[in-house]
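*Asks:* sequence first, then the predicted structure, then my questions.
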Amino acid sequence: MDKAALDSENSPEHDVLQSHLAHKSRLESRFKFDVDVVLDALKKDILGQEKAIESVHDILKVVRADITDPRRPLFTALFLGPTGVGKTEVVRSLARSLHGDADAFCRVDMNTLSQEHYSAAITGAPPGYVGAKEGNTLFDQDKMEGSPGRPGIVLFDELEKASPEVLQALLNVFDNGMLTVASGERTYSFRNTLIFMTSNLGARDIQRYEQRQNGFIRRLFPRSAKGRHKQVEDIVQEKLLKSFSPEFVNRIDNITIFNWIEMELVGDLVKLEVQRLNRRLLKHQCRLTVSDEVIDYVSSTGFDRQFGARALRRAVRRVIEVPLAEYLLDFHSTDDNREDIVVYHAELHKGHVFFQCKNS
């Protein structure tokens, strides 16, 4: 694994840790981080999801003031909505802006815990079974507890695929912030932890709804983005209450339904992907600028409401990254003695992207 490239991808543009340490507040508490620094990062990284950002911003203020219930997790949130709209990216951005690393959170893929006999990965093996005394689970204790002055983060991804046994274990966590493994040998604390869960509940129903919106009558009389979002909310809420018990839903602090990616945001999302590409290009001592025509071309060919930002990433790879890789292999060389960054500019010509060096 290329650690340098991974660090460039996961690290923030500025030293957020120093910003947090330098932050002063009249109220002294055990948490030492600048809420505004985190908010600014979320706004830059996440587009079109104002409600999700607002919910995270609100709880960060409560956590920073240290007035949460000490017997429960700091915050429990469920992110719902279509695939590829930024649910997981919110957690990555939060980890990057709090801890300086987008991977600084404990991620549990619930898809791997869909069967009853896999629940030991969360709760530990019961007494008498292999591994019972060790009390091993999928949890990373360090990432759960966070760092001095900053909370830990746990993400339960694709919650709807978890077995009932796993959901019951989470119910206990939401209640008292503690999880004792089945053997009783070990207890995990979530009381210094922000818990996030994601789910694509209702994704197929949302897809069918969108297909109906593309019918002849709907094209003549299209609904507003606000109206479409309200309909999506109703679809997801219905699925939520059918999939999880009222006791489970009632213990979640915040439930946010993410918006579809609207066409007017697509160009900005493509620019974000180019920024991420430039982080990876730093190790080659070069960076890329892109013409508006290239941005528009990727936006028009890569936008797919059904698959969201992931479809755009595939388009960026096909239209920009592949020809750029060919160009770099043929013309670019890395020089350890070079002090300046080589800048390449991408232009569109007859449906193909071409590059030229701007330094020469």
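*Replies:* That came through fine.
*Asks:* what are the contacting residues of stretch 264-282?
*Replies:* The contact list for stretch 264-282, computed with Cβ atoms under 8 Å, 6 or more residues apart in numbering, reads 5, 8-9, 11, 45, 47-48, 261, 287-288, 290, 295-296, 298-299, 302-303, 309, 312-313, 315-316, 320-321, 341. In short, each C-beta sits where N, CA and C put it, glycine included.
*Asks:* please compute how far it lies from its chain's middle.
*Replies:* In terms of Cα atoms, centre = their mean, to the nearest Å, the centre of stretch 264-282 is found 16 Å from the chain centre.
*Asks:* which parts of that stretch are buried?
*Replies:* Residues of stretch 264-282 classed as buried: 265, 266, 267, 269, 270, 272, 273, 274, 277, 278, 279, 281 (neighbour count, 16 or more other Cβ atoms under 10 Å).
*Asks:* end-to-end on stretch 343-354?
*Replies:* 14 Å (Cα to Cα, to the nearest Å).
*Asks:* quick one, what contacts residue 101?
*Replies:* With contact set as Cβ under 8 Å, 6+ apart, residue 101 has these partners: 10, 11, 95.
*Asks:* quick check: next helix or strand after the helix or strand bottoming out on mean pLDDT in the chain?
*Replies:* In the chain, the helix or strand scored least confidently by mean pLDDT, DSSP states H and E is helix 216-220, which has a mean of 53. Counting by DSSP states H and E, the next helix or strand C-terminal to helix 216-220 is helix 225-243.
*Asks:* and residue 255, how many neighbours?
*Replies:* Around residue 255 sit 17 other residues, with neighbours defined as other Cβ atoms under 10 Å.
*Asks:* got it, and the one 3 residues further on?
*Replies:* Neighbour count of residue 258, defined by other Cβ under 10 Å: 25.
*Asks:* circling back: any chance of the contacts of residue 101 in CSV, plus neighbour count and distance to residue 64?
*Replies:* Formatted as CSV, the contacts of residue 101 follow (neighbours: other Cβ atoms under 10 Å; distance: Cβ to Cβ, whole Å):
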residue, neighbour count, distance to residue 64
10, 17, 23
11, 15, 23
95, 25, 17
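*Asks:* turn those residues into TSV, including distance to residue 101.
*Replies:* Below are the contacts of residue 101 laid out as TSV (distance: Cβ to Cβ, whole Å):
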residue	distance to residue 101
10	5
11	7
95	6
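*Asks:* okay, and which of these map to helices?
*Replies:* 10, 95 (DSSP state H).
*Asks:* select from the contacts of stretch 264-282 every entry located in strands.
*Replies:* Of the contacts of stretch 264-282, the ones assigned to strands by DSSP state E are 287, 288, 290.
*Asks:* out of those residues, who's the most crowded?
*Replies:* Within the ones in strands among the contacts of stretch 264-282, most neighbours by other Cβ under 10 Å means residue 290, with 23 neighbours.
*Asks:* contact partners for that residue?
*Replies:* 271, 274, 320, 345, 346.
*Asks:* what bridges to it?
*Replies:* Under DSSP bridges, the beta-bridge partners of residue 290 are residue 346.
*Asks:* how much space is there between it and residue 43?
*Replies:* Plainly put, residue 290 is 22 Å away from residue 43 if you go by Cβ to Cβ, to the nearest Å.
*Asks:* pull out the buried residues from the strand or helix carrying residue 55.
*Replies:* Under the criterion of DSSP H and E, residue 55 resides in helix 50-65. Buried residues in helix 50-65, counted by 16+ other Cβ under 10 Å: 52, 53, 55, 56, 59, 60, 63, 64.
*Asks:* averaged pLDDT, the helix or strand just after it. What do you get?
*Replies:* Note on helix 50-65: by DSSP H and E, the next helix or strand toward the C-terminus is strand 75-80. For strand 75-80, the mean per-residue pLDDT is 95.
*Asks:* give me the contacts around strand 75-80.
*Replies:* Against strand 75-80 from outside (Cβ under 8 Å, 6+ apart): 52, 55-56, 59, 62-63, 68, 87, 90, 159, 174, 194-202, 236, 240, 251-258.
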